[in-house]
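Novice: Below is the structure, and that's it, no one-letter string:
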DNA sequence: TCGGCACCTGGGAGCGCTCCCAGACTCGTT
DNA sequence: AACGAGTCTGGGAGCGCTCCCAGGTGCCGA
């Protein structure tokens, strides 16, 4: 409103660069956009002029004229407050940024509540961004589907529970959990429980199903399941529940490190030795896994790679590349420490 | 490049809204920008037309014509990889976003390495954003000063070590540490050490100085100082160092919860009972503080509030508000749990 | 009765780019 | 020698807004 914001932007325009380089606006534009049909001489002159003048193109004008936003949105669904402190989100963000660096694409961060969903769809399908990356933590979210229907290129991180046509990238939660289960069986555990995530999250169900498969393979029962939310206290409550149902538990696969912290606390409180009495395997391999007491054996997922891959997929879509895989699962790996 | 990106943006234009509402472009623009001198009748008609047509204004055009970017940048200096997983950053981001919600201001995320600093200054001072929020973890960063010199409105999170004129918001690290020190003194501790942060970070020095003041007040020596980096392993190494220098330590103020995790590990390993033999006070009040064994007494700083306040300051600058405070310190509070 | 001031409205110009078309020049080919 | 294809260049139009100016209305006091 005021003078600060109201003064004309400083810096040279395309026109000035053209004059300095002794060429036309068009040629400068071609150089900037790395288009063919520019002579080496002209290209060098333009580059030199850009350097001399310290020219930086006006993104707004490019977007307006070029009908391309040169930006993608990272949309975090659900209550942003919780999500942002999630190491999962942080890792994805890191990966997205890493993949974007060097490309002339800006990252716009958006958070959505239920009620402003219509605004968000309007904004995102209004051409302000070229594509959308979405981290959808509760899988029922209708937003990805709506955006896809509106023709917005979108890649979702974490398998969505609804919307078949939507491209997603996820860690291979099923096989990660299966590997954990097999490891517990192989190390001689005979009464193996699991603390699973919420039923309405794909990540929760995939890990539960992997564990179930592992139990089935070994001919062991898969009755010891406690669902919980991804918090330490949730994990603690679930652990107490399981121990009260079956005191003879000798192993537990916890579907998230963060819940495993609570489970460890309960096991300590009940004077169960880890891993001697009860083996504990987590999932995620957060930093807290290695600093836990005892250091937690866990299934590692590479969330940064997840973010990179999502971005790579989206940029591929935008460039109109052919033969992109519909969706991707990234491998997980068991990290064996002291707790199992 | 391809059809997806190349098709004209869908949706109505300002012109269509004007036609539907039976008014001129100018009037619609006035309504959208909440300018005075629009009749109630015209305003209602425009609002209705916007709703009917699902109009969403083109940000690029607004930016270009209005010479205002309607966006601010959150710049994360130093290697982005480390910073992004930092709960501090996550909290700030949350606060920034909370404060921005409802305003028509987009948040653009940028990360800088040393070498692309020139690009970043160019971009940020080129008018692509109206202002800059910066989280500067190592205080010597010249970037804030350069941006301020270039006339870019900027607010820094965390006191910068260089650049006097720059507006910053920080937690009151000095008084937080002072309070922690006084508490340890008041609970009868007689040989109090500290694990301090790096010397080149204001946050590290402010907390150290607060602790020193507390020791001085009580007439206790302040010789037991070990500097370290903000990691669990760094904290562990510092704790070992302190114990080897003075086995009689009965309390330690650790300048970050994350380092306190390492310190606890070492104390456990040496069979020191906490808090009986050694009291431990942390700083930050991260989630890990409450899940630690024993739950950590720590100095709480409200990083989300920090983000909110930074944003509030920057928006105030942009609106040309008078009498804004030059810089702000946010209060901290001691959270007493079991470790001290 | 008439100016003057608030209030309200419309249209033209232009923000700084990209796109497209027209044209010039260089080749190799018929 | 004449043609076309490939290479390179410049200028005009226009992206969708905001800003500014010119003008309309109604109401007040002189």
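Specialist: Thanks, I have it. This is a predicted model, so every value here is computed, not measured.

Novice: The residue nearest the centre of chain A and residue A:74, how far apart?
Specialist: The geometric centre of chain A, computed from its C-alpha atoms, lies nearest to residue A:92 (CA atoms, centre = their mean), at 3.8 Å. Residue A:92 sits 8 Å away from residue A:74, going by CB to CB, to the nearest Å. Glycine gets a C-beta too; all of them are placed from N, C-alpha and C.

Novice: which neighbours do those two share?
Specialist: Here residue A:92 and residue A:74 have residue A:135 as joint contacts, going by CB atoms under 8 Å, 6 or more residues apart in numbering or on different chains.

Novice: Tell me which residues are up against stretch A:259-277.
Specialist: With CB under 8 Å, 6+ apart as the criterion, stretch A:259-277 contacts A:195, A:197, A:228, A:230-240, A:243, A:250, A:252, A:254, A:278, A:280, A:282-283, A:288-289, A:292-294, A:296-298, A:338-340, B:291, B:293.

Novice: And stretch A:223-232, by the same measure?
Specialist: By CB under 8 Å, 6+ apart, the list of residues contacting stretch A:223-232 from outside reads A:191-199, A:204, A:208, A:234-235, A:237-239, A:241-242, A:245-246, A:249, A:256, A:258-259, A:261-262, A:265, B:287, B:291.

Novice: With stretch A:109-124 instead?
Specialist: Applying CB under 8 Å, 6+ apart, the set of residues contacting stretch A:109-124 is A:73-80, A:83-84, A:132, A:142-143, A:146-147, A:150, A:152, B:54, B:56, B:93, B:97, B:101, B:107-109.

Novice: Just to be sure, which of these are found in strands?
Specialist: Counting by DSSP state E, the members of these that fall within strands are A:73, A:74, A:75, A:76, A:132, B:107, B:108, B:109.

Novice: and which of the residues you listed is nearest to residue B:125?
Specialist: Ranked by distance to residue B:125 (CB to CB), these are led by residue B:108 at 14.2 Å.

Novice: burial count for the closest one?
Specialist: By the criterion of other CB atoms under 10 Å in any protein chain shown, residue B:108 has 21 neighbours.

Novice: Give the bridge partners for the spatially closest residue to it that is not a sequence neighbour, please.
Specialist: By the measure of CB to CB, 6 or more residues apart in numbering or on different chains, the closest residue to residue B:108 outside its immediate chain neighbours is residue B:73, 4.7 Å from it. The partner list for residue B:73 in beta bridges (DSSP bridges) reads residue B:108, residue B:132.

Novice: quick one: residue B:73 and residue B:105 touch, right?
Specialist: No. Between residue B:73 and residue B:105 there is no contact under CB atoms under 8 Å: 10.9 Å.

Novice: Between these two, tell me which one has more neighbours.
Specialist: When residue B:73 and residue B:105 are compared on other CB under 10 Å, the one with more neighbours turns out to be residue B:73, at 25 against 19.

Novice: and the gap between residue A:89 and chain B?
Specialist: Summarising the geometry, the distance separating residue A:89 from chain B, computed by CB to the nearest CB, to the nearest Å, is 8 Å.

Novice: name the element that residue belongs to?
Specialist: With elements taken from DSSP states H and E, the one containing residue A:89 is helix A:87-100.

Novice: re the thing from before, need the contact list for the residue nearest to the centre of chain A.
Specialist: With contacts defined as CB under 8 Å, 6+ apart, the neighbours of residue A:92 are A:135, A:157, A:303, A:304, A:306, A:307, A:310.

Novice: Next up, the contacts around residue A:203.
Specialist: When the contact criterion is CB under 8 Å, 6+ apart, the partners of residue A:203 are A:139, A:158, A:159, A:170, A:173, A:197, A:255.

Novice: roughly how far apart are it and chain B?
Specialist: When CB to the nearest CB is applied, the distance between residue A:203 and chain B equals 19 Å.
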